[in-house]
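K.L.:
Need a 3D model of the sequence below.
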Amino acid sequence: MWDVTQRTDRLMLLDTASLYFRAYFGVPDSVKAPDGTPVNAVRGLLEFITRLVHDHHPDSLVACMDADWRPQWRVDLIPSYKAHRVAQETETGQDGSYTEEIPDTLSPQVPIIEDVLDAVGIARVGVEGYEADDVIGTFTGRATGPVDIVTGDRDLFQLVDDARGRRVLYPLKGVGTLQVTDEELLREKYGVDGSGYVDLALLRGDPSDGLPGVPGIGEKTAAKLLAQFGDLAGIMAAVDDPKSKLTPSQRKRLDESRPYIAVAPTVVRVAGDVPLPDVDTALPREARDPAALDKLAERWGLGGSLQRLLTTLER
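P.N.:
Numbering: from 1, shown residues only. Alright, predicted model coming up:
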């Protein structure tokens, strides 16, 4: 088994849902299995992984999954968290759980993706009560070697740490064009380093995640405040200091947002204490279950997409 506290090789962590969403919208829906089932997300993801392995040479690879895309502990703190993504309450309506609204032709492809990853032998980790971001955060925190995080979610910029070799590979167009996000880029683009990104994100807010932010404080203003006062605690200390150089409107809005500011760091910051299962994350050099993989390839018409991945893994 892979002991994250002992290995010092390069670990690659995939924000799997982020990538298969991009694959789904980037590969034509005319890509179908022999029975007519769309497999554009499946094949697109396989192509993504092939390119990532070929270009970045990870020693270990984990496909991190959303076992819970909207954890209740986050919703309890900020009820609007991802509320706009809710499709419908579960049929029983008893447990208050919800399903995420995703395109009709994508959801049937997710189990296929999981089956293929398992048969190939790529570690797949999701933990009940946590998002993939939290799984990624915990793996990253425990790693002793360099870590490449592949995601289209800017929230994970908070994990960037040059001293520890932790960077985010952020897809700009497919995965052929990746923004290598390190502290220099964060400071240039946002005025903060990885550890300061949580403060920036919660002040700015994020409509896509249902985070309201502080009214009237956008990204540029948040960056200026953080540069001026150091961190969120410094900004809130300035709110209480009548001699500070906050404008009257900034002081008022920050003061009125205290309830949100008190809980937002816990919601925005990825968890670092997820109970990870014991898994072998070493990059496979051959298929774990060739027979199962052959059946999947034939049934879903995975063709060259799967073969290119297997060939790349063998190198």
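K.L.:
Does the longest helix belonging to the chain pack against any helices or strands, and if so which?
P.N.:
Ranked by residue count, the top helix of the chain under DSSP state H comes out as helix 40-56. Secondary-structure packing of helix 40-56 (3 or more C-beta pairs under 8 Å, 6 or more residues apart in numbering; DSSP states H and E): strand 11-15, helix 16-26, helix 109-120, helix 303-314. Every residue, glycine included, has its C-beta placed from N, CA and C.
K.L.:
between these, which gets nearest to residue 56?
P.N.:
Nearest to residue 56, of all the helices and strands packed on helix 40-56, is strand 11-15, at 6.5 Å by C-beta to C-beta.
K.L.:
so what strands line up beside that closest one?
P.N.:
Using DSSP bridges, strand 11-15 pairs in its sheet with strand 60-64 (parallel), strand 147-150 (parallel).
K.L.:
Quick one: the helices in the stretch 151-300 of the chain, in order.
P.N.:
183-190, 197-204, 219-229, 232-239, 248-256, 258-268, 290-300 (DSSP state H, counting those that start in this stretch).
K.L.:
can the ones you listed go into TSV with extra columns for distance to residue 105, mean pLDDT and mean neighbour count?
P.N.:
Shown next, in TSV, are the helices of the stretch 151-300 of the chain (distance: least, C-beta to C-beta, whole Å; pLDDT from 0 to 100; neighbours: other C-beta atoms under 10 Å):
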stretch	distance to residue 105	mean pLDDT	mean neighbour count
helix 183-190	35	96	16
helix 197-204	32	97	24
helix 219-229	34	96	17
helix 232-239	42	97	17
helix 248-256	43	97	15
helix 258-268	31	97	17
helix 290-300	14	97	15
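K.L.:
do you know which of those helices lies nearest residue 112?
P.N.:
Among the helices of the stretch 151-300 of the chain, helix 290-300 sits nearest to residue 112 (C-beta to C-beta), with 5.8 Å.
K.L.:
how about low-confidence regions in this protein?
P.N.:
1-8, 87-103, 174-175 (pLDDT under 70).
K.L.:
that older thread, now the longest helix of the chain against helix 290-300, angle please.
P.N.:
130 degrees (axes from the mean of the first three to the mean of the last three C-alpha atoms, to 10 degrees).
K.L.:
got the buried residues for helix 40-56?
P.N.:
If you call a residue buried by 16 or more other C-beta atoms under 10 Å, then helix 40-56 has these buried ones: 40-53, 56.
K.L.:
I figured residue 288 was touching residue 121, is that so?
P.N.:
Yes: between residue 288 and residue 121 there is a contact under C-beta atoms under 8 Å: 3.2 Å.
K.L.:
So for the lengthiest strand in the chain, what gets flagged as buried?
P.N.:
Longest strand in the chain by number of residues (criterion: DSSP state E): strand 166-173. Across strand 166-173, burial judged by 16+ other C-beta under 10 Å covers 166-171.
K.L.:
ok, now which residue in this structure is the farthest from the centroid?
P.N.:
residue 243 (40.5 Å; C-alpha atoms, centre = their mean).
K.L.:
List the contacts of that residue.
P.N.:
With contact set as C-beta atoms under 8 Å, 6 or more residues apart in numbering, residue 243 has no partners.
K.L.:
now swap in residue 187 and tell me
P.N.:
Contacts of residue 187 (C-beta under 8 Å, 6+ apart): residue 193.
K.L.:
roughly how far apart are it and residue 179?
P.N.:
14 Å (C-beta to C-beta, to the nearest Å).
K.L.:
about what we covered before: and which of the buried residues of strand 166-173 is nearest residue 277?
P.N.:
Among those, and counting by C-beta to C-beta, the member closest to residue 277 is residue 166, at 22.0 Å.
K.L.:
Check the spacing between that closest one and residue 273 real quick.
P.N.:
18 Å.
K.L.:
And residue 282, by the same measure?
P.N.:
24 Å.
K.L.:
neighbour count winner among those two?
P.N.:
Neighbours were counted for residue 282 and for residue 273 using other C-beta atoms under 10 Å; residue 282 has more, 16 against 10.
K.L.:
Residue 60 is in contact with that one, correct?
P.N.:
Yes: the pair residue 282 / residue 60 is scored as a contact, 5.6 Å apart, by C-beta under 8 Å.
K.L.:
Now do the longest strand of the chain: which elements does it pack against?
P.N.:
Under the contact rule (3+ C-beta pairs under 8 Å, 6+ apart), strand 166-173 is packed against strand 147-150, strand 177-181.
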